[in-house]
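[1] this one's structure only:
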């Protein structure tokens with residue numbers, strides 16, 4: 001396992017899983033939010049996001065979590081493992097509320113500095129989550145269905161499935177820890 005692509009909708013657990021896998025396997029983790037945002041919640045241009053994604057995808061090894069679907073085809077072509085975290089909308093909305101409440105005023109580890117969690121951002125973000133809940137899921141379903149045969153696909157739909165998957169990765173003798 002050298003290149004792991006993790007997709008899922010907001011609040012599905014992508015960043016948490018990426019951090020755990022990165023720690024377990026010694027792989028560098030790339031969070032799409034550090035590409036999407038600059039300090040102070042300043043959004044990068046689409047072209048700049050695409051360029052930064054391609055630069056990250058070209059590396060020898062990575063765990064790359066998150067969107068920017070314009071680069072998914074390149075990323076999945078290089079990945080040897082695609083993980084799709086497919087969780088219910090209700091759970092995802094709850095997790096976003098919880099992480100905003102618990103992290104209010106602080107930047108999450110998967111965000112650039114000076115991007116603190118703020119209650120004021122929730123209405124717009126919830127609107128985005130609601131509008132894209134079906135279309136984004138369909139895109140991820142298509143990505144998983146069309147992944148190259150060289151890329152193992154895993155779909156995680158519950159905390160239990162995620163725990164079992166992590167345990168199997170940690171115990172797998174063929175997936176020794178890497179130093180990339």
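    Looks like it arrived, so ask away. Keep in mind the model is a prediction, meaning the values are calculated, not measured.

[2] Local confidence estimate at residue 66?
    pLDDT recorded at residue 66 is 94.

[3] for the one 10 residues further on, same thing?
    Among the per-residue scores, residue 76 shows a pLDDT of 97.

[4] What helices and strands are in contact with the helix or strand hosting it?
    If you go by DSSP states H and E, residue 76 is part of helix 72-78. Packing contacts for helix 72-78, counted by 3 or more Cβ pairs under 8 Å, 6 or more residues apart in numbering; DSSP states H and E, involve strand 3-8, helix 46-57. All C-beta spots, glycine's among them, are computed from the backbone N, C-alpha and C.

[5] The helix ranked longest in the chain to strand 3-8, inter-axis angle?
    With secondary structure taken from DSSP state H, the chain has its longest helix at helix 122-145. Counting by axes from the mean of the first three to the mean of the last three Cα atoms, to 10 degrees, helix 122-145 points 130 degrees away from the direction of strand 3-8.

[6] Can you give me the buried ones in helix 122-145?
    Across helix 122-145, burial judged by 16 or more other Cβ atoms under 10 Å covers 122, 129, 133, 136, 140, 143-144.

[7] Residue 41: neighbouring residues, count only.
    Residues near residue 41, counting by other Cβ atoms under 10 Å, number 14.

[8] Now it: phi and psi?
    Main-chain dihedrals, residue 41, degrees, to the nearest 10: phi 60, psi 40.
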